[in-house]
Structure formats: structure tokens, C-alpha cells
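Colleague: Give me a 3D structure for the following:
(4 chains)
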2 protein chains.
Amino acid sequence: MPTIYEVSKLAGVSLATVSRVMNNTSPVRESTRKKVEAAMAELGYRPNSIARSLASNRSDSIGILVSELHGPFYGAMISSIEAEFRTAGKHVIIAAGHSEEATERDGIEFLLSRNCDALILHVEAVSDEYLVQLKAKEIPFVLINRQVPALQPQCISLNNKLGGYLATQLLLRQGHRQLGYISGPLWKTDAQDRYRGHQLALQEAGLDWDPKRLFEGDYHEDGGSAGIRYFLQQGIPLTALICANDEMASGAMTEAREQGLFIPQQLSIIGFDNVMLSHYTYPKLSTIDYPIAAMGQMAARWVLKEVYQQKQPELQLVFEPRLIERDSCVVLPQP
Amino acid sequence: MPTIYEVSKLAGVSLATVSRVMNNTSPVRESTRKKVEAAMAELGYRPNSIARSLASNRSDSIGILVSELHGPFYGAMISSIEAEFRTAGKHVIIAAGHSEEATERDGIEFLLSRNCDALILHVEAVSDEYLVQLKAKEIPFVLINRQVPALQPQCISLNNKLGGYLATQLLLRQGHRQLGYISGPLWKTDAQDRYRGHQLALQEAGLDWDPKRLFEGDYHEDGGSAGIRYFLQQGIPLTALICANDEMASGAMTEAREQGLFIPQQLSIIGFDNVMLSHYTYPKLSTIDYPIAAMGQMAARWVLKEVYQQKQPELQLVFEPRLIERDSCVVLPQP
DNA sequence: AGACTGAATGTAAGCGCTTTCATTTATAGC
DNA sequence: GCTATAAATGAAAGCGCTTACATTCAGTCT
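Modeller: Numbering: from 1, shown residues only, chains lettered A, B, ... in the order given. Model prediction:
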């Protein structure tokens, strides 16, 4: 475990000069640089990250706070972030907030205590006020999937309204008029926006909005199952169903099948998110792609640009969803 | 940002006493303790983790190296590890090795550079020799899903042979005799062991081993598809198929369906791992459960016991798989 | 009260590195 | 060669905390 002191003695220079060579912070004569590098190589010197961090109050690492460490959504996000930073020679430190305020705060504090140079936050429970205060403390962070009006230039999000619109428009284009909609929990902004997009598409098609054709689900599989049972019990005729996420779509497919319906011949179903499961259902699920990997990558680029002053292509803050047509939606047969 | 110096002045004690109160390292008179605690509370003092780590060469955090940051297997593993440590008041730092030797080494060095107290390693590419040397450097670590003979007491693994045995036995019990097997890449130990279990079950049933009924897949969906095509092209009659993982089983199901086979009426299929996708296939996939969450939890307990000297229930190093019967395997109709 | 011993606390050095300011060296111009 | 200036380097302090060893305090026994 050689230290900088040993390197400086072997190279015959001061500690400060070794530091300058390592960090390229000031000009160093080429001949001096070579002596230092040779000494480092001979000793197999590796700088102590903790000491560097204490002295410099930086760490060349970036903290990521996600709601969970498992699940395709978060996996794709952290994976794409990590890949971007790996290329830039930086490390990530990941913490989980579990969508609870105290745990989210604890996670953020953990990351800050490790002197992370910036944070990428996917948080739900902490208040806008807390986030505004975080910015006031000069802590650099970027938010994913969270809109805070006062922090707009550091919010990366998806145009959920457009996603709901696209999903609905596909079915309308296929001739469906008897549509059902299983929403997420409507206190959530993304669930509201997705539903608004659905309503907009209906309006443009000259269809009336009918509250009976909305079922508020929970973003889990059970919500999809319950939605199907609700529509059947209400005797609401459906030829197509829009689910506000893929997991509920999967639940709806299973329940519809158990109720004797053929998918997609009797009921077309479309989901939202394009998480991994949509590829494994039978029939394969049509869905709206949530470009979470691209958004994670953009968050990483934001940090590289804003915090490390690296050149980056133009930053994009609002992402658009994309329609993924698979097998679960078909053209309505002509009457 | 109050420091320990400010706390000591306000409480009227030395730095060392504040440290003792914080870390409970030596006895402190109760009245002194109360003064220190009051000063800390009044100042809103939070110790600087970096400084603590530099001075003590510890960090109250544990490093986890996984092959990937995405995917249900790794998600479940790190999630269960994190949960166990969260309960114990510790944090995890996660790095990805991407199954490449250089990246795995870089990840381990990153974790060590953060003074992680121990490592939990899921590594494939680094050699046994490297791991033995790591131990020689007195670095505490536990391996998941890796057997290194010289490091046996710190290896947590699955009895893969039993899993292959259980999968095969189910089908034999259901009356199937025309079995196919799609293995993982046979240079991998787990793929070998799973296949050995399959062979054992055949042997016990008095069936001959036929090399034509083995197709070596790649553990990806394409491997499953290719396996089906191989068996069909060879004109090998099958009533049941064992796939060495769920992803290949999914590919096999899709391909069989495209080839006009009904699942499970004409071909029963069983997978291995019980990753999330097995729940979403149609019909739902029978599989062998890989208790990765329990194994991750056990790795965490190993660390808590061996490194932090906390009391833990008896440690378990070898885990047994469990048969999960869903809808993709049926009893062979009587001739 | 004094001596002894254990408990409690303080002092000082150090963990390994960064960085500011002082000092030295090198270069250019006259 | 001398002067001025820029480039390069060194010395010293400090980042915030831990901990070993020295010192002080408190309790018990004679």
C-alpha cells in the first residue's frame, strides 16, 4: 500500500508535485512528470480514494437513488446510467428509497456522506419543498420521472399524456369504439397524464367520455384482473382495453382468458411501459415504450455536462413514448 | 456542517470523548454522555463518513459485485442483500462486473477503495487464483454462485444437480418417456450440474441416455428456439422438454407454438430459475425455483456474522432448488 | 488521610491526500 | 549579464475523525 509520500521520495519531488501529476491540476515540467510516473509505476501506487475525497470534498462518483433495486424498470435505468458513467471513467453509488420519505432521505444522506459529486434521483415520497432545499444547499442533482416546477431544468420526464393518446389512437384506428381504460392510481401525476391522453384521443375521434369505462387500478397485476371483473359485472361491452401499465395488462389478459374471452379476437389489450414481461405474454403484448434506458442515459449526460463541464450533445428533458405493436391488438372485424 | 470540534467545545469535553460517545468504544460517564448528546442534537451534528473511514479504515458499508445491474436474477439478489443490511443499519455499495475480468477487477478495486468492510461477489471471469489471493490479503468476502475449492466456507451456491433431477423427475412421474433436454453452455459448471441431475433421474428410471436428446443452448431465448428446431429437424419424438433455464423455455414455447405444437397438450415444457418471466408466459411455466433472494440474504448474514461478529442463526452454504408446478407440464395421456 | 486501582478523560499524532501561498527556476527582452 | 516575468515546485496547513498512551478523577481499603 504505497502512499503519495513514498512516491514523492522515490521521484525526488514534493507531495504537491505528485498530486499535480496525478490530477493534472497545474503545469508540470515534462521531465518531472516522467519521474513521478515512473515512481508510481515502480511502486504500484494507487491513490487512496477516501483520502482524496476528504481533502477535495469530491469523489468522482455519482449517487443514484431509485425506488427499488429490483424490477425491469429500475434495472434498465441504473444499468444505462452506469454504462454512460463507466465510459466516462466514473463510478456510481446506488441507494434505494423504497418510496418512503424517511428511507429516501436516508438514502440521499448516505450518498452525500460518500461525497458523491452529483445525484440522480428517482423519488416519490420526499416533498417538492425538500428538493428545492436540496438545490438551495448547492447540491447538484437531476430528477427522473418527477416534475418540480421550481426545478424544471433538472427534471427529466416522459410525455405520459402522449403515451395514453397513442395507445388509444391505435385502437381507434383499428376500428374499436367500445373501449375500456384501466388507470393507475389517480393521485399519481403519471396516471393522470396517461388518462388525459386517452381522453384527448377520444375527444378527437368525436367520442363521448363515459365514466363507467374507467376503472382505477393500482399499477399491479391485481388491478388489471379487477378491472376486467368490473367491466364484465357492469355489463359494459368492450372490444378493446387500454391498461395504464403492462403489469395490469398482464393481469387483465389472464383474467379475461379465465372468463372465457379470446385475446385478441374478442378483446384487444394494450399496455404501457414495454417492460420485459410484455415480450413474454401470449399473445405478445402491444404496448407503449417508456424509454427509461434513454432517459437514464440523458440524466448521466446532464451530470457530465452540468457538474463535470464535459461537452455533451444537446440535452433533452422531455421524452416521448413510442407505440410498440405486437400481437395483442387487432383490427375490429367489420360488422 | 458542524464538526466534532464544535461539538466538543459546546459539550465541554475532548474530541476523543465525543468520538467515544458516538462509537461506544470506551466507557463514558452517563452525565458526560448526556452533555455530548445534547450538544450533537443542538448543532444537528452528523459525522463525516469519509473522515471516519479514513481514520478507521472501515466504512459500515458492504460492497456487492454483480454481473449486471439489470435482470430479475440480480435485482432479486441485490434487493434481498440490501434489505438485510438496511435492517442492520448498514449500507451497500454495488458495482457491476459485466462478466469481464478487467471490469470485475475494476469493480472490486472500486469497492475496496471505498473501504467497504466486506464484499459479496457474484463473479465469473476472475480466476480462482485471484480470489485466493484476495483472501490472502485479508479481505473478507463471500461468493455467491461460485465454487472455489480453497474457499469453500465462503461459497454460497445452489444444488444445481438436484434441480435438473427434480425437473426431470416431474416429467417422468407424469408418464413422459420421450424427453428432450436443452442445456446451458456446457463449459459452465451450473449447466453441467443441471444436466447431471437430468441424467441421474433418467438412470434411476431405467432409461438409456441418448446424446441426440441433448441440445446445448446458450441460456438465452434463441437457444430455446434453436433447440426446438433441432429436435424437429432430427425427427426426434418428444412429449416433454426440459430447459436449463426459463428464458430458453420461453423461446422454446414460442418456437413450438409457431411450429404448430400445442403447449402443454402436445409438448410439456419445464424451465429452471423461476425468474419473473415464468409467471407471464402462457401457459404459465412450470419451473425450478432458484432461491436467489434467500441466498443473497444468507450472504448478508455471513457478513454480519463473520465480519461484524453479530449473532446470526446457523449459516447455510448450499441451497436446494424447489419444484414450481404451474401449467406448462401435464400428465401424458394414456396410450 | 494516604495509597492503590480502576474508570474516565485528555492530548497529540496520524489516516493519505489536496491546495494555498511562498519560493525557486527558467525564459525572454534589453 | 541583469531584470522582469512566467512557469514550476515546495512547505505547510488542513480536510474531520480515530485511537494509543498519558493523565486525571473517583472509589475502596487500610
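Colleague: Which of the three states applies to A:Y219?
Modeller: When classified by DSSP: H, G, I helix; E, B strand; the rest coil, A:Y219 comes out as coil.
Colleague: if I look at it, how far off is chain B?
Modeller: Here the criterion is Cβ to the nearest Cβ, to the nearest Å. By it, A:Y219 lies 16 Å from chain B. In this view, the C-beta of every residue, glycine as well, is placed from N, C-alpha and C.
Colleague: Just give the closest residue to that residue, not the sequence neighbours.
Modeller: Leaving out its chain neighbours, the residue that sits closest to A:Y219 by Cβ to Cβ, 6 or more residues apart in numbering or on different chains is A:G184, at 4.6 Å.
Colleague: The one you found touches A:N245, doesn't it?
Modeller: Yes. If you go by Cβ atoms under 8 Å, A:G184 and A:N245 touch, sitting 6.4 Å apart.
Colleague: The two: who's more crowded?
Modeller: It is A:N245, of A:G184 and A:N245, that has more neighbours when counted by other Cβ atoms under 10 Å in any protein chain shown, with 30 against 25.
Colleague: can I assume that one is in contact with A:I270?
Modeller: No. Using Cβ under 8 Å, A:N245 is not in contact with A:I270, being 10.8 Å away.
Colleague: what about the one residue in the stretch 201-335 of chain A that gets nearest to DNA strand D, neighbour count?
Modeller: Nearest to DNA strand D, among the residues of the stretch 201-335 of chain A, is A:V307, at 20.3 Å (Cβ to the nearest atom of the strand). A:V307 has 16 neighbours, counted by other Cβ under 10 Å.
Colleague: Not counting residues beside it along the chain, what's closest to it?
Modeller: Counting by Cβ to Cβ, 6+ apart, the residue nearest A:V307 is A:A118, at 4.5 Å.
Colleague: how about the one you found, phi and psi?
Modeller: phi -160, psi 170 (degrees, to the nearest 10).
Colleague: again with A:D117
Modeller: Dihedral pair for A:D117: phi -70, psi -30, per degrees, to the nearest 10.
Colleague: Around DNA strand C, pick out the residues from chain A.
Modeller: Residues of chain A lying near DNA strand C by Cβ under 7 Å from any atom of the strand: A:1, A:3-5, A:15-16, A:18-20, A:22-23, A:25-26, A:45-48, A:51-52, A:54-56.
Colleague: re the thing from before, next, the contact list for the residue nearest to A:V307, please.
Modeller: Residues in contact with A:A118 (Cβ atoms under 8 Å, 6 or more residues apart in numbering or on different chains) are A:I62, A:G63, A:P140, A:F141, A:V142, A:V303, A:E306, A:V307.
Colleague: per-residue pLDDT, it?
Modeller: At A:A118, the model reports a pLDDT of 96.
Colleague: Can you name the residue of the stretch 201-335 of chain A nearest DNA strand C?
Modeller: A:Y308 (14.1 Å).
Colleague: okay, now that residue: neighbour count?
Modeller: By the criterion of other Cβ under 10 Å, A:Y308 has 15 neighbours.
Colleague: just to revisit the earlier point, show me the contacts for the residue of the stretch 201-335 of chain A closest to DNA strand D.
Modeller: A:D117, A:A118, A:P140.
Colleague: so which of those would you say is closest to B:T32?
Modeller: Nearest to B:T32 among the contacts of A:V307 is A:D117, at 38.3 Å by Cβ to Cβ.
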